[in-house]
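Q: heads up, no residue letters with this:
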């Protein structure tokens, strides 16, 4: 009886740690779009993408070597490649390109779809069978976001909206694949090996896309590059994947719903961007739809 009680207490402690780690990860991710918005004003989107991946990859390689981590099995290379294409290359590049057409406050509304995209790919990859109500909420959430984009005038920034939608899709795939792989490879090891896997190509592309001179780059742009390289690309994932392993993907994944709120607050505070009541209303509506979808996901 006492042994069962101890096991239950350890399970509760582990779950609590998972929620805490997941929350830290989400807070870190919330600064990604505002920081990218600042950096992309002075760095080309492609260079910003490959440079941040290179910086994070070098740090990840040093950590793996220092802690003497064993190499991934051959069967884990394809999932790692998917993670790399989703969260190391795809999402950073697509959002950097999108932020040349839309504000970070506008783009953050689309981030409200990220939990839904993650859940959808978890269904496809994990073989789960959600209730029909799940898809009702999923469709409703997507309709709200598309409706918001139309109300803003697609002729103004159709490219930016499309790029953000594509970014959410590839990121959702990367999250779901990483969460699945973390159960066997380890939480923080997943993002580290994904970064290392893409490092040779990223370093070469960084050299080819580097501007002729960096003397004109301002301090805020350099700080933003440092943030998206170390925090958004590496440190945030250390907490995020650890949280998914400790607390469970379905439960801790709910914390992504807080990311739009944190992001909108940062965009208004740091960038002095206007956050309209419509943006807040759409964000709340998307969060409610995703919450409903997750409730009926099993």
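A: Alright, I've got the coordinates. These numbers were taken from a predicted model, which means no experiment stands behind them.

Q: Next SSE downstream of whichever strand or helix holds residue 199?
A: Secondary structure assignment for residue 199, by DSSP states H and E: helix 187-209. Next in sequence after helix 187-209, counting helices and strands by DSSP H and E, comes helix 219-226.

Q: hmm, who's touching the following helix or strand past that following helix?
A: Towards the C-terminus, the helix or strand next in line after helix 219-226, according to DSSP H and E, is helix 236-247. Here helix 236-247 makes contact (C-beta atoms under 8 Å, 6 or more residues apart in numbering) with 14-26, 28-29, 32, 87, 178-179, 182-183, 186-188, 190-191, 252-253, 255. Where you see a C-beta, it was placed from the backbone N, CA and C, and this is true even at glycine.

Q: Please enumerate residues in contact with the helix holding residue 199?
A: For helix 187-209, using C-beta under 8 Å, 6+ apart, the contacting residues are 44, 46-47, 50-51, 53-54, 56-58, 60-61, 63-64, 69, 72, 77, 80-81, 83-84, 87-89, 178, 181-182, 185, 233-234, 237-238, 241-245.

Q: pLDDT of that helix, averaged?
A: Helix 187-209 comes out with an average pLDDT of 93.

Q: swap in stretch 24-38?
A: Mean pLDDT, stretch 24-38: 86.

Q: list the buried ones in that stretch?
A: For stretch 24-38, a neighbour-count test (16 or more other C-beta atoms under 10 Å) marks 24-38 as buried.

Q: Same check on stretch 188-206?
A: 188-199, 202-203, 205-206.

Q: What is the neighbour count of residue 73?
A: For residue 73, the count of nearby residues is 9 (other C-beta atoms under 10 Å).

Q: whoops, residue 234 was the one
A: Residue 234 has 24 neighbours, counted by other C-beta under 10 Å.

Q: Residue 279 now?
A: 21.

Q: My read is that it contacts residue 110, right?
A: No. The criterion here is C-beta atoms under 8 Å, and residue 279 misses it with residue 110 at 10.9 Å.

Q: Which helix or strand in the chain has the lowest average pLDDT?
A: Least confident helix or strand, the chain: helix 249-252 with a mean of 64, by mean pLDDT, DSSP states H and E.

Q: counting contacts, what elements does the helix or strand that contains residue 37 pack onto?
A: If you go by DSSP H and E, residue 37 is part of helix 32-39. Applying 3 or more C-beta pairs under 8 Å, 6 or more residues apart in numbering; DSSP states H and E, we find helix 32-39 packed against helix 91-98, helix 104-111, helix 219-226, helix 259-270.

Q: Including mean neighbour count, distance to residue 117 and mean pLDDT, could the ones you listed go into TSV?
A: TSV is the format used below for those (neighbours: other C-beta atoms under 10 Å; distance: least, C-beta to C-beta, whole Å; pLDDT from 0 to 100):
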stretch	mean neighbour count	distance to residue 117	mean pLDDT
helix 91-98	25	11	87
helix 104-111	26	10	73
helix 219-226	16	25	94
helix 259-270	20	13	73
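
Q: how close does residue 181 get to residue 48?
A: Counting by C-beta to C-beta, to the nearest Å, the gap from residue 181 to residue 48 is 26 Å.

Q: Which one of the two is surrounded by more residues?
A: Higher neighbour count among residue 181 and residue 48: residue 48, with 26 against 23, using other C-beta under 10 Å.

Q: Show me which positions of the helix or strand encompassing the more buried one end up buried.
A: Secondary-structure assignment from DSSP H and E places residue 48 in helix 45-66. By 16+ other C-beta under 10 Å, the buried positions in helix 45-66 come out as 45, 47-60, 63-64.

Q: Thanks a lot, see you next time.
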